[in-house]
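Q: Quick one: sequence plus predicted model below, questions after.
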Amino acid sequence: MSGWEGLYCGPAPLPAELPWRWNFDPWALVLLALLALWAGRSRAGGAAVLVLAVAFLSPLCALSSALFSARVVHHVLLVAVAAPLLALARPARAGRAAGVPLLLATACLWLWHVPAPYDAALGHKALYWAMQASLFGSAWAFWRAAFSLRDGAGLGWVCLAFLAMGMLGAILALAPGALYATHATAPLLWGLSPLADQQLGGLIMWMPAGLPYAVWGGMLARRAWRATGAWP
């Protein structure tokens, strides 16, 4: 086995091992430090780096090796929390069309949850980072475009983005069988069948993942309301 093969976050942990499964990969630490410098001193940039640290350094990283539902939480943090925070920290200087960025972000989200690419990415570290970079980068480009539109016009695009994620979650939650070979046995260590773990992940993507979209949509709705002069 080459150094690139295997799970980036290590083997699936037992429940008793999880609190000690922090990831101190020097490359991840360097990337987060560089991102912090690039994001600047804004609160949004600092919060984005903190969320990414939770996703990649905390025991959530190891848990996502075991549970698909934890991997969903990881991806939601990437595309719906860290990416929009970074878009606020590094905003576009002028309004940008959001249609193409939305299509790209949606394509990346759906592609990396197709079983074959998903299993391949979790079994090879180079593909894993290609997954993470494309999910985060395309989401950042989308949020940057949506936030750049005048008078809260990005609100409709945010709704479409959540609709795309919710549809994917519904498909995964309602699938008749477990789809991912990576999570064929590890969920049993956590008292879940592989199908129940997948259903939980789909439900998270379908419903609770809507909370950050609601927050960003509310921000854009307030902008739109202010544009009418009806909001102080």
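A: Arrived safely. Numbering: from 1, shown residues only.
Q: what's the average pLDDT for the longest helix anywhere in the chain?
A: Ranked by residue count, the top helix of the chain under DSSP state H comes out as helix 125-148. Mean per-residue pLDDT for helix 125-148: 96.
Q: Work out the gap between that helix and the centre of the chain.
A: 9 Å (CA atoms, centre = their mean, to the nearest Å).
Q: Just the buried residues of that helix, please?
A: By 16 or more other CB atoms under 10 Å, the buried positions in helix 125-148 come out as 125, 127-129, 131-132, 134-136, 138-148. All C-beta atoms are positioned from the backbone trio N, CA, C, and that covers glycine.
Q: packing partners for it?
A: Packing contacts for helix 125-148, counted by 3 or more CB pairs under 8 Å, 6 or more residues apart in numbering; DSSP states H and E, involve helix 83-89, helix 99-111, helix 115-122, helix 155-174, helix 210-227.
Q: ok, residues contacting the longest one?
A: So the one you mean is helix 155-174. With CB atoms under 8 Å, 6 or more residues apart in numbering as the test, helix 155-174 has contacts from 72, 79-80, 98-99, 102, 105-106, 109-110, 113, 142, 145-146, 149, 179, 198-199, 201-207, 209-210, 213, 216-217, 220-221, 224.
Q: what about whichever helix or strand comes after that helix, average pLDDT?
A: Using DSSP states H and E, the helix or strand that follows helix 155-174 towards the C-terminus is helix 194-206. Average pLDDT, helix 194-206: 97.
Q: returning to what we had before: closest one to residue 18 among the helices and strands packed on helix 125-148?
A: helix 115-122 (17.8 Å; CB to CB).
Q: Send me the longest helix of the chain as CSV with only the CA atoms.
A: Provided in CSV are the C-alpha atoms of helix 125-148 (Å, rounded to 0.1, in the frame of the first residue of the first chain):
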residue,chain,number,x,y,z
LYS,A,125,-5.7,10.6,0.2
ALA,A,126,-5.1,12.5,-3.0
LEU,A,127,-8.7,11.9,-4.1
TYR,A,128,-9.9,12.8,-0.6
TRP,A,129,-8.3,16.2,-0.9
ALA,A,130,-9.7,16.6,-4.4
MET,A,131,-13.1,16.0,-2.9
GLN,A,132,-12.6,18.4,-0.1
ALA,A,133,-11.1,21.1,-2.3
SER,A,134,-13.8,20.9,-5.0
LEU,A,135,-16.6,20.9,-2.5
PHE,A,136,-15.2,23.8,-0.5
GLY,A,137,-14.0,25.8,-3.5
SER,A,138,-17.1,25.5,-5.6
ALA,A,139,-19.3,26.3,-2.5
TRP,A,140,-17.1,29.4,-1.7
ALA,A,141,-17.5,30.6,-5.3
PHE,A,142,-21.3,30.2,-5.1
TRP,A,143,-21.7,32.0,-1.8
ARG,A,144,-19.4,34.8,-2.9
ALA,A,145,-21.5,35.3,-6.0
ALA,A,146,-24.8,35.1,-4.1
PHE,A,147,-23.7,37.6,-1.4
SER,A,148,-22.4,40.0,-4.1
